[in-house]
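> Need coordinates for the below:
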Amino acid sequence: MKQLLSPRELASALGVSQSSIKRWTDEGKIHASRTAGGHRRIPVAEVIRFVRETDVCLLEPQILGLNSVETRIGEPGDLGEAAERLERFLVAGAAEESKGLVLSLFLDGHPLAAIGDSTLRPAFKKIGHAWLEGPEGVFLEHRATEICMQILYELTELITVPDQAPVCLGGSPAGEQAHLGSLLVAATLRDQGYRTVNLGADTPASALRHAIEDERPRLVWLSVTHARDPQGTRAEIEGLCHWLEPFGCALVVGGRAVRRLELQPRGRLLIVHSLAELVAFVQGLRLDAGGRTGGSEQLQHPSNGHAGGVEAPIEDTASASARLRDVTEPGGVTPEGRAINGRAGLDGRAPRFEDLHRR
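Residues are numbered from 1 along each chain as shown. Next up is the predicted model:
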């Protein structure tokens, strides 16, 4: 993938004139650097941001090094149809087609949370049924998981986050061998403007605590897929929640098997059942650009329903969990007025990321 584009290359990629590119950079709509000779250079990640936030089409994605990306695949909101296509591609082992489809949805402006909830989740739910039927299904599921992990790694490279952005950190508890769920959470949080540290699968509580002490995150997540030892995992999470008190950060737990843990939101512990709920919560966090402010941190809960919101202590996560459903229903918006489930909304209730993967 190319790292920098000239105005001429970007003009060709977008199908516009070089004068338009220069005007947009002069107006600050596209951020560009300059070479020693004074020539403009535009980072590919900045182009991605511009395309996602505007109605400008990326007509020649190969100029950016995105050879597998389709141009506009249809009207915004085609996430359900995309799920059916993705499932066919994954079952066939069509890695390039799968990547092209997901990247196209991303470039079309869909938040990663919406893509995860409404495209990846239903596709994997069908593949997961095949996993239960025998060795061939296991093979298909493992191959599909690897393809999607590669896609998410590439997506994260397309998202730029300021160095001073707050940190979120997480993984899957000890004994959980699934990688995909935590990786998707990390990519989703990065899409929301957070720096992320993904510790991946099978992360012992001791390792997680060392990471928290080192990184000082504003939010910690745990993705629970199997919960083969529900009581042990629940005890580990409750102990971690208590240990986190001096750090002033929230602990968010989700995943396909989270209900098996029978956890109740309390203190700094929040339970979510979809990426949309996760996004609603993190968009309500009042975070300063400089990092931690200490244990007295305040949250802006996404249920307040108006711009600016009402500040509430982070300890009120039980109330936040109960109200999240109100803003993650179809057409729900955050306090900032942004749609949670994508630009055109979703059909039916908010989907869950707990069914995203089997492994």
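
> any idea how far Q3 is from R259?
Relative to R259, Q3 is positioned 44 Å away (Cβ to Cβ, to the nearest Å). C-beta coordinates here come from the backbone N, C-alpha and C atoms, glycine included.

> Have a look at these two and say which one is more surrounded.
Counted by other Cβ atoms under 10 Å, Q3 and R259 do not tie: R259 has more neighbours, with 15 against 10.

> Show me where the stretch 201-350 of the chain has its strands.
Here the stretch 201-350 of the chain has its strands, by DSSP state E, counting those that start in this stretch, at 219-223, 250-254, 269-271, 298-300, 311-313.

> Give me the contact list for the first one.
Read that as strand 219-223. When contacts are defined by Cβ atoms under 8 Å, 6 or more residues apart in numbering, strand 219-223 is touched by residues 166, 168-173, 176, 178, 181-182, 185, 189, 194, 208, 212, 237, 240, 244, 249-255, 278, 282, 285.

> Could you rerun that using 7 Å?
Strand 219-223 is touched from outside by 168-170, 172-173, 181-182, 185, 212, 237, 244, 249-255, 282, with contacts defined as Cβ atoms under 7 Å, 6 or more residues apart in numbering.

> what does the second one give?
Contacts to strand 250-254, defined as Cβ under 7 Å, 6+ apart, come from residues 219-224, 237, 240-241, 244, 263, 268-273, 278, 281, 314, 317, 353-354.

> Report the inter-axis angle for it versus strand 219-223.
Taking axes from the mean of the first three to the mean of the last three Cα atoms, to 10 degrees, one finds that strand 250-254 is oriented at 20 degrees with respect to strand 219-223.

> Figure out how far strand 250-254 is from the centre of its chain.
14 Å (Cα atoms, centre = their mean, to the nearest Å).

> Give the pairing partners of that strand; include direction for each.
strand 219-223 (parallel), strand 269-271 (parallel) (DSSP bridges).

> of the ones you listed, which approaches L158 most closely?
Closest approach to L158 among the strands paired with strand 250-254 is made by strand 219-223 (21.4 Å; Cβ to Cβ).

> hmm, back to that, most tightly surrounded among the strands paired with strand 250-254?
The highest mean neighbour count among these, using mean count of other Cβ atoms under 10 Å, belongs to strand 219-223: a mean of 27.

> so how far is it off the chain centroid?
Here strand 219-223 is found 13 Å from its chain centre; the criterion is Cα atoms, centre = their mean.

> same deal with stretch 188-204?
For stretch 188-204, the separation from the chain centroid amounts to 9 Å (computed by Cα atoms, centre = their mean).

> Same question for stretch 146-162.
On the basis of Cα atoms, centre = their mean, stretch 146-162 sits 10 Å off its chain's mean C-alpha point.

> which other residues reach it?
The set of residues external to stretch 146-162 that reach it, using Cβ under 7 Å, 6+ apart, is 45, 48, 90, 95, 98-99, 102, 106, 120, 179-180, 183-184, 187, 190-191, 193-195.

> repeat for stretch 188-196
111-113, 116, 156, 159, 161, 165-168, 186, 275, 278-279, 282-283.

> so of the residues you listed, which ones are in helices?
Counted as lying in helices by DSSP state H, out of those, are 112-113, 156, 186, 275, 278-279, 282-283.

> can you tell me which residues contact the nearest residue to W221 once chain neighbours are set aside?
Nearest non-adjacent residue to W221, counting by Cβ to Cβ, 6 or more residues apart in numbering: G170, 3.3 Å away. Taking Cβ under 7 Å, 6+ apart, we find G170 in contact with 182, 185, 198-199, 220-222.

> Look up the residues forming beta bridges with G170.
Note on G170: beta-bridge partners by DSSP bridges are N198, W221.
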